[in-house]
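S.K.: Sequence and predicted structure below; questions after.
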Amino acid sequence: MSLRKLTSFVAASGIALSLSAQLPRIVVQGSGTPQVFTDFEAAVTAAQPNDVLYLSGGTFGFTGGFTIDKPLHLIGAGIHPDSSSVTAITTLQALTAEPLIITTAATGSSFTGLVFTNAPGTSGWVPIVRYGNSAADDLPAGIVFSRCRFVNSVQLAFDANVTSVASSVTTVFDECLFHYRLEGYKRGATLTRCIFDRSGPGFYNITHFENGGLLMENCVLLKAIMANVYNGTLRNCISTATNYFGYDIPGTTITNCVIAAVNLSGSGAVNATNTITGADPATFFVSETDDYYQFTDDLHLQTGCVGVGHGTGGTDVGIYGSSSPYKPGAMPFNPHFRQADIAPSTNNNGALPVNIRVAAQSH
């Protein structure tokens, strides 16, 4: 990475000279002169289509129901406390019990390195992200979430009564963490190297993909159960659920997976190929004991786990398998800030000594 690009990013990402003393910053870059904001709603409102919003570490509140209705690219500082220790994690938090709305006009938007969470005390059943203010504007295409964390539910349509068939309109979730539910509502979703845990309802965490639009590869399901998934496709996944893997998942194809349950489906026949059932979940991971994902967990497979080399092409199942394994720390693709030494005051020359160490990221 060139010095010019790195300098530009340091400015654009809003890295505060004293993180404890300054408000979180958002820098909007793209079609016009860069602008700096402390308010999330103001930054989104001011941005032009296809602008990039760089969010520093910190928490940005928004009024529930706030709408993104143009293509934008939001890049945060990360979701993992350890890998974001210099900048702090970036959190988008609803201030009222309504979600962040993404409409059809936001087609092509992307979200990287962000935690999405509701106001404290809000029921997890209230989504934190929902497509559409109505059934007339709930079909954005080409949406990508990368290395994001969802504390509450995500809904890929306005509600369950959606009438349009749109499984081909697919949202991509890559290396994301889900603590509640992902509800497809007949839309499509491609999930790669994602983690679902049993937080919230503890059941039916992946649901309402009745239209054959669900593809999951190299995901980890910590007692997270699927329901109402018709003709879906799962490859190289690993599940600790012990009663059954899914309920009402007819026609779903399950290939090269490792599953603790003996029964793959509580209702609806599935197509299983090279899939191991009845495996002992205590032998799966290096460190994970309660099916609630914490950042101290290590989801690498234990030596001797039946999932080692069981995936496509002899790779491992789970998030650290495939030709592009999960990135430890879930760091965004931007430079990783490893150290920031900022003097408390200027020196005799009136300059403020600042020493920032970064590590360039390959992806």
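M.R.: Everything's here; your move.
S.K.: for Thr117, phi and psi?
M.R.: Main-chain torsions, Thr117, degrees, to the nearest 10: phi -150, psi 150.
S.K.: mind listing what it touches?
M.R.: Listed by CB atoms under 8 Å, 6 or more residues apart in numbering, the contact set of Thr117 reads 91-94, 128, 151-152. For every residue, glycine as well, the C-beta is placed using N, CA and C.
S.K.: what bridges to it?
M.R.: Gln93 (DSSP bridges).
S.K.: Glu175 is in contact with Arg193, isn't it?
M.R.: Yes: judged on CB atoms under 8 Å, Glu175 makes contact with Arg193 at a distance of 4.8 Å.
S.K.: Identify the contacts common to the two.
M.R.: Contact criterion CB under 8 Å, 6+ apart; residues bridging Glu175 and Arg193 by contacting each: 319, 326.
S.K.: Tell me how far Thr260 lies from Ala119.
M.R.: Careful, residue 260 is Ala and not Thr. Note on Ala260: its distance to Ala119, by CB to CB, to the nearest Å, is 35 Å.
S.K.: residue ranges with poor pLDDT in the stretch 151-300 of the chain?
M.R.: Of all residues in the stretch 151-300 of the chain, those with pLDDT under 70 make up the ranges 163-168, 201-202.
S.K.: Could you name the helices and strands sitting against the strand or helix carrying Thr45?
M.R.: Following DSSP states H and E, one finds Thr45 within helix 40-46. In terms of contact count using 3 or more CB pairs under 8 Å, 6 or more residues apart in numbering; DSSP states H and E, helix 40-46 is assigned the packing partners strand 26-29, strand 35-37, strand 52-55, strand 58-62.
S.K.: Same list (the ones you listed) but as TSV, adding mean neighbour count and mean pLDDT.
M.R.: Below are the helices and strands packed on helix 40-46 laid out as TSV (neighbours: other CB atoms under 10 Å; pLDDT from 0 to 100):
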stretch	mean neighbour count	mean pLDDT
strand 26-29	22	96
strand 35-37	17	97
strand 52-55	22	96
strand 58-62	19	96
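S.K.: For Ala106, find the nearest of those strands.
M.R.: strand 52-55 (12.7 Å; CB to CB).
S.K.: Name the surrounding residues that touch the closest one.
M.R.: Contacts to strand 52-55, defined as CB under 8 Å, 6+ apart, come from residues 9, 12-14, 24-30, 40, 43-44, 47, 72-77, 90, 114.
S.K.: Filter these down to the buried ones.
M.R.: Taking 16 or more other CB atoms under 10 Å as the criterion, what is buried in these is 9, 12-14, 24-29, 40, 43-44, 47, 72-77, 90, 114.
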